[in-house]
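Undergrad: here is a sequence together with a model predicted from it:
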Amino acid sequence: MKLRPILLAAVVASSASCLNDKTEQKPLASSTAGDQSAHVLAPLNLQIPRLDSAKSLNFSSSAPHLFASAANLLQQWSNTIFPNGQTLAVVEVPPYVMMYHGRLDAETPQSPEWLAFDVEMAYGIMGSTRSSYLLTFQTTRRIKCLYFDGESATLMGQGQLDTQMLHIYGNTSGPAPVPGSGDDGRKGRHPGSGLLDAEYARATGLCNWIEREKLGGRGWGVEGVVRMNAGFELIWCDFMSTSLELMSRLNVSAPLMEEVGDEAKQSSLMEDATDVKSGPVSSIPMARESPAPSPTSEEEPSDVEKYYPIPAQPTRTDRSAEPTGNMPPPHWRQAQGEPFLDAQAWGWFLSATYHYGSTRHGLGRGEERLSVVGCGVASYYSPILGNSKVQLRVDEKSKLNLAHGGRWTGEHLSLTGQEEGLLQLGRRRRRHNLGNATASDAEAIRHLAADMIRRALESDRACSGVDWIGITHEVVQRTAAHLKAFEAMALGFPAVIENATAVAQWMHDLRGLSHMYMVPFLEYPSMTSSPEALDHVWSMASETFKAAFTRCKLHYTRRLVGRRLVAEEEHMRWAVEETTGAICSVLLEVGFEVEKTALDGRVSKIAEVLRQRGLRWQRAVAELRAWLGWEGEYLACEQACAWDERCYIPMWPMIPIKWGDHRPGGSGGPKGPERRPQDGHRGLDGGSDNALGQSAPTGPPSFMASDETDLWQPKCIKSSFFKSR
């Protein structure tokens, strides 16, 4: 359904009693749509008050954001739409899970280093070179990791790395520059000023924090950090840990393609292929694997020995000091005869789509090799924070027409303004960042996260046993589609006013849809035909409404009333009850009005009254959807993609590039794109021209902040979308 018809209704609502309207009220006749005398309804132009429940929605509350963040953990789709993560969780990897590490040499990784959950990501990063190696690992036991939500592995943007920077440094700009000289335009340059330098600094900082707080170490506790860009990755803190076993070490370099009719280029490629540093593919030294022990005459080979030998396990204990590779994504490189450069870019993107999770098309797989464990989450959306949260909401108020208490005042805007207002309200979480967070905010979340991890490591006895993530999934699954279905049905009022059959069917269907949501909470009152009794029984002040609302709001948490919970569980209970409370308030008020309208003989046969009330109800539901901010649940490709296509939204670094004369620059030409400054935070609106320092690689482009068409209008793409230059 197109957006404008929906939002036309979102800016026109009916009064509590449309009987007092001056609009001409025509009783229904039994004519059909084909009757020549049928009266076609004219567009409504009057402005009508909103439902009380919709007017009371507090758009400055962080409760719906904490709820949505928890519901979207480990899902590629929603964490791409809302990339600036605010939440930390403990996740667990089961035994026998495969992980992959791409390298430009045959060495064992230093610690810490990165592992990909999908081979396509590891190969996408380090494949298609003259010295590409792929190391395959497998978990030997259940492993606990710390997870940062959002696109927390993105190397540029406007807030994707904030939670990590705050966790390590207490700010979003990183450590103070080391005094000294430098030719990068600054007085000093700290070791994390380059893209990869900064990544290794973050990895080391996070692993050091885990070790310093005694939350994990070699073979125990938390052993890594999970993050996401185009897929999920793991910062592994110690490759000496027996929690991970090296299963294979392969040289995956491939022979170069021959260039027919271009002798000069072919000669250049041959020179590249025999470079002194790497040598031709056939001469690249392969890693030695431990030979399988020879069976004695008395012994038969074991089952393991009948297969491939497992290589010797890592023995190096040094820590990463310098980046071990500096490879841009495959579709940002020149092909230079590499046969699989395009295929590896497409493969990397495909692997990310495996973990999209919930979209408009319904539930899907998130990253199922990981599961959230423990009592709850630690989040900057938690109610314990004051200063940073207040500053964030003050910024929102001026942009989103929010009055005191977070109430939306957009009804005074034009139709176009109201349309845009509701749209931006539903997407407001995308703009959240932690630039205003203080050192005390960071310390509070670090403390909360440390306690959360300790409880997850100790036992489940510290927790109530409530599956908070499961509850958020259930609420979203049951509610998201229902809201859109109700809006569509409310807007589907028959165009011909005298078509009594169609109007009656519309009211019947709308009442049925509304009632199905209320079934678990509503004890139907005694039937009465008195208009006065109907007004009382089906009002928000009635005992029937109050009882139904309480059952609805506390549907999942009633047994926890009066129970003392640990901090992260208390925060989740707050988020769940605030979110279900808002949903229940709006849907029950709408539902009670629907019931009263259907039972009231004064209005049930007046088409104009029914139409206006339908628009009033749709308006309230549209505002509720905007408050919830579940935008990812309503986005998908309009049509099913072909077998050789996938539904695409831009995710780092799988972004198509338009090349300038020398380096990727989009429409900027040879100058290239804007750069993210050293803090990894404000790449599009701040920082010096050379903020990345001398070691920064050329590219990549800005993160599409100025044009989000592909994000809000997903499309089907083929592999040619990521062709290398």
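TA: Now that the structure is in, tell me what you want to look at. Numbering: from 1, shown residues only.

Undergrad: please tell me how far stretch 568-584 is from the chain's geometric centre.
TA: 20 Å (C-alpha atoms, centre = their mean, to the nearest Å).

Undergrad: ok, now stretch 58-77?
TA: For stretch 58-77, the distance to the chain centre is 9 Å (C-alpha atoms, centre = their mean).

Undergrad: and the lowest mean pLDDT element among the helices and strands of this structure?
TA: Across the helices and strands of the chain, mean confidence by mean pLDDT, DSSP states H and E is lowest for helix 3-10: a mean of 34.

Undergrad: next helix or strand past that one?
TA: helix 52-55 (DSSP states H and E).

Undergrad: residues in contact with that following helix: which ones?
TA: 407, 540, 585, 586, 588, 589, 590, 619, 620, 623, 624 (C-beta atoms under 8 Å, 6 or more residues apart in numbering). Using the backbone N, CA and C atoms, a C-beta is placed for each residue, glycine as well.

Undergrad: ok, of those, which come out buried?
TA: 540, 585, 586, 588, 589, 590, 619, 620, 623, 624 (16 or more other C-beta atoms under 10 Å).

Undergrad: correct me, but the third one touches residue 621?
TA: If I follow you right, that is residue 586. Yes - Residue 586 lies in contact with residue 621 (C-beta atoms under 8 Å); the separation is 6.6 Å.

Undergrad: before we move on, back to that, now the contacts of helix 52-55 in TSV, with secondary structure and pLDDT?
TA: Formatted as TSV, the contacts of helix 52-55 follow (DSSP: H, G, I helix; E, B strand; the rest coil; pLDDT from 0 to 100):
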residue	secondary structure	pLDDT
407	coil	90
540	coil	91
585	helix	97
586	helix	97
588	helix	97
589	helix	96
590	helix	97
619	helix	90
620	helix	93
623	helix	94
624	helix	97
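
Undergrad: between the residues you listed, which is closest to residue 632?
TA: residue 624 (16.5 Å; C-beta to C-beta).

Undergrad: quick one, what contacts that closest one?
TA: Contacts of residue 624 by C-beta under 8 Å, 6+ apart are 54, 57, 483, 582, 583, 586, 587.

Undergrad: of the residues you listed, which belong to helices?
TA: Among the contacts of residue 624, the members found in helices (DSSP state H) are 54, 483, 582, 583, 586, 587.

Undergrad: can you list those in TSV and add distance to residue 435?
TA: Output for the ones in helices among the contacts of residue 624, formatted as TSV (distance: C-beta to C-beta, whole Å):
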residue	distance to residue 435
54	31
483	32
582	28
583	31
586	33
587	36
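
Undergrad: closest to residue 231 out of these?
TA: residue 483 (30.5 Å).

Undergrad: test my guess that that closest one contacts residue 627.
TA: No - if you go by C-beta under 8 Å, residue 483 and residue 627 don't touch, sitting 10.9 Å apart.

Undergrad: more neighbours, those two?
TA: Between residue 483 and residue 627, counting by other C-beta atoms under 10 Å, residue 627 is the more crowded of the two (25 against 21).

Undergrad: may I ask which helix or strand encompasses that one?
TA: Counting by DSSP H and E, residue 627 is found in helix 607-628.

Undergrad: could you give the mean pLDDT of the helix or strand following that helix?
TA: Toward the C-terminus, helix 607-628 is succeeded by strand 646-648 as the next helix or strand (DSSP H and E). Mean per-residue pLDDT for strand 646-648: 92.

Undergrad: strand 646-648 packs against which elements?
TA: helix 341-353, strand 715-717 (3 or more C-beta pairs under 8 Å, 6 or more residues apart in numbering; DSSP states H and E).

Undergrad: what's the first helix or strand after that strand?
TA: helix 709-712.

Undergrad: buried set for that next one?
TA: Quick answer for helix 709-712 (16+ other C-beta under 10 Å): residue 711.

Undergrad: same check on stretch 347-366?
TA: Result for stretch 347-366 [16+ other C-beta under 10 Å]: buried residues 347-360, 366.

Undergrad: only C-alpha atoms, please: export it in PDB.
TA: Extracted in PDB, the C-alpha atoms of stretch 347-366 (Å, rounded to 0.1, in the frame of the first residue of the first chain):
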ATOM      1  CA  GLY A 347      29.400 -14.100  -1.800                       C
ATOM      2  CA  TRP A 348      30.100 -11.800   1.100                       C
ATOM      3  CA  PHE A 349      26.800  -9.900   0.500                       C
ATOM      4  CA  LEU A 350      24.900 -13.200   0.200                       C
ATOM      5  CA  SER A 351      26.200 -14.400   3.500                       C
ATOM      6  CA  ALA A 352      25.000 -11.200   5.200                       C
ATOM      7  CA  THR A 353      21.500 -11.800   3.800                       C
ATOM      8  CA  TYR A 354      21.400 -15.200   5.500                       C
ATOM      9  CA  HIS A 355      21.000 -13.400   8.800                       C
ATOM     10  CA  TYR A 356      18.500 -10.600   7.900                       C
ATOM     11  CA  GLY A 357      16.100 -11.800  10.500                       C
ATOM     12  CA  SER A 358      12.600 -10.200  10.800                       C
ATOM     13  CA  THR A 359      11.500  -8.100   7.800                       C
ATOM     14  CA  ARG A 360       8.200  -7.100   6.200                       C
ATOM     15  CA  HIS A 361       8.100 -10.600   4.800                       C
ATOM     16  CA  GLY A 362       8.000 -12.100   8.200                       C
ATOM     17  CA  LEU A 363      10.300 -13.900  10.600                       C
ATOM     18  CA  GLY A 364      13.700 -15.000   9.300                       C
ATOM     19  CA  ARG A 365      17.000 -16.200  10.600                       C
ATOM     20  CA  GLY A 366      19.100 -13.900  12.500                       C
END
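
Undergrad: can you give the contact residues for it?
TA: Contacts of stretch 347-366 (C-beta under 8 Å, 6+ apart): 72-78, 118-121, 123-125, 230-232, 329-330, 367-368, 476-477, 632-636, 646-648, 651, 654, 722.

Undergrad: for PyMOL, write the select line for the buried members of the residues you listed.
TA: A single PyMOL command selects the buried members of the contacts of stretch 347-366 (16+ other C-beta under 10 Å):
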select buried, resi 72+73+74+75+76+77+78+118+119+120+121+123+124+125+230+231+232+329+330+367+476+632+633+635+636+646+647+648+651+654+722
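
Undergrad: just the contacts of stretch 347-366: which are in strands?
TA: If you go by DSSP state E, the contacts of stretch 347-366 have 231, 232, 646, 647, 648 in strands.

Undergrad: got a pLDDT number for residue 664?
TA: pLDDT, residue 664: 31.

Undergrad: hmm, I typed the wrong one, I wanted residue 318.
TA: 71.

Undergrad: can you check residue 17 too?
TA: Predicted confidence (pLDDT) for residue 17: 37.

Undergrad: same deal with residue 28?
TA: Looking at residue 28, its pLDDT reads 50.

Undergrad: ok, residue 24 next?
TA: Here, the pLDDT recorded for residue 24 equals 43.

Undergrad: and if you look at residue 154?
TA: You'll see residue 154 listed with a pLDDT of 89.

Undergrad: OK, contacts around it?
TA: 83, 160, 161, 229, 652, 653, 703.

Undergrad: what about burial for those, which qualify?
TA: Applying 16+ other C-beta under 10 Å to the contacts of residue 154 flags 83, 160, 161, 229, 652, 653, 703 as buried.

Undergrad: pLDDT below threshold where in the stretch 501-650 of the chain?
TA: 604 (pLDDT under 70).
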